[in-house]
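A.B. asks: Prediction below, plus the sequence it came from.
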Amino acid sequence: MNINKSNSSQEEINKFNALANEWWDPNGGFGSLHSLNPLRFEYINNSAPINNKLCADVGCGGGILTESLAAEAKHVDGIDLADKALSVAKIHQEISGIKNIDYHYIDIESFAKENHQKFDILTCMEMLEHVPDPAKIVESCSYAVKDGGDLFFSTINRNIKSFIMAIVGAEYVLNLLPKGTHEYDCLIKPSELEQWSRESGLSLIDLIGVSYNPLTKDFNLTDDVSVNYMMHFKKTG
């Protein structure tokens, strides 16, 4: 297996490996992902129905979204470079009795070369802000998707508001995420992500914001993309 870590950060991988045992604890370090997952799954499924499709989940971690996709998809491939998180994903898959997921310890560049234009739907959620060259990740994701297929990315905008809310607020005040999860300079403006995607043969279908209400502890979709946001693209070639 070809593992190319040139477009990954060992420091970032170590962060997620250190929290591997908390992936499926709704009260642990990834508790916010458990709260967010139904919302983002519904958005993906409503935008591009998953039923009987071939799906890929890039940066799958412990498999929270991967398992949701598998409930509707024909098959899901989850990939990640955090080996301990993948081990947790495989154990939870076995416990859950889910048969239509394959997890892979591999980078997206190598995986895309082996699976050119294979997938109907690809998700890459909360990953782009953790790699040295996110444009290359977008390019490889596009390479793995069929013409006419759908891609979904989620990440965090880069501005003063997002620094205050997504880093200071989420990590240090509300403790929604482990401290040090995000670095401000690695955050991504929607215009940057749209440009990289366009250069990789993708057309923007939708841009939607994600907000968090600390009183109700609920996530909601919003027109405000100044902090967290998701983008839906169509592979046009």
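C.D. replies: Sure, I can see it. Residues are numbered from 1 along each chain as shown.

A.B. asks: chain center to stretch 140-153, what's the gap?
C.D. replies: 14 Å (Cα atoms, centre = their mean, to the nearest Å).

A.B. asks: Stretch 117-126 too?
C.D. replies: 10 Å.

A.B. asks: Wait, Asp25 touches Ser32, no?
C.D. replies: No - using Cβ atoms under 8 Å, Asp25 is not in contact with Ser32; the gap is 11.9 Å. From N, CA and C alone the C-beta is placed, and that goes for glycine too.

A.B. asks: Compare these two (neighbour count), which wins?
C.D. replies: Taking other Cβ atoms under 10 Å, Asp25 and Ser32 do not tie; Ser32 has more neighbours (18 against 13).

A.B. asks: Please report how far that one lies from Ile208.
C.D. replies: 18 Å (Cβ to Cβ, to the nearest Å).

A.B. asks: Lowest-scoring secondary structure element of this structure by mean pLDDT?
C.D. replies: Lowest mean confidence among the helices and strands of the chain (mean pLDDT, DSSP states H and E): helix 10-18, at a mean of 73.

A.B. asks: which non-adjacent residue is nearest Ala73?
C.D. replies: Among residues not flanking Ala73 along the chain, Cys55 sits closest, at 4.5 Å (Cβ to Cβ, 6 or more residues apart in numbering).

A.B. asks: In terms of helix, strand or coil, where does that neighbour fall?
C.D. replies: Recorded secondary structure, Cys55: strand (DSSP: H, G, I helix; E, B strand; the rest coil).

A.B. asks: Bridging across strands, which residues link to it?
C.D. replies: Val76, Ile121 (DSSP bridges).

A.B. asks: ok, it touching Ser68?
C.D. replies: No - contact criterion Cβ under 8 Å: Cys55 and Ser68 do not qualify, at 10.3 Å.

A.B. asks: Please say which of the two ends up with more neighbours.
C.D. replies: The neighbour count for Cys55 versus Ser68, taken as other Cβ under 10 Å, is higher for Cys55 (27 against 21).

A.B. asks: which residues touch the longest helix anywhere in the chain?
C.D. replies: Determined from DSSP state H, the single longest helix within the chain is helix 31-47. Helix 31-47 is contacted from outside by 25-26, 50, 64-65, 68-69, 72, 121, 123, 125-126, 150, 152, 154, 170, 176-177, 205-206, 208, 210, 212, 217-221, 230, 232, using Cβ atoms under 8 Å, 6 or more residues apart in numbering.

A.B. asks: got it, and stretch 49-57?
C.D. replies: Stretch 49-57 has contacts (Cβ under 8 Å, 6+ apart) with 44, 63, 65-66, 69-70, 72-79, 111, 115, 118-125, 144-145.
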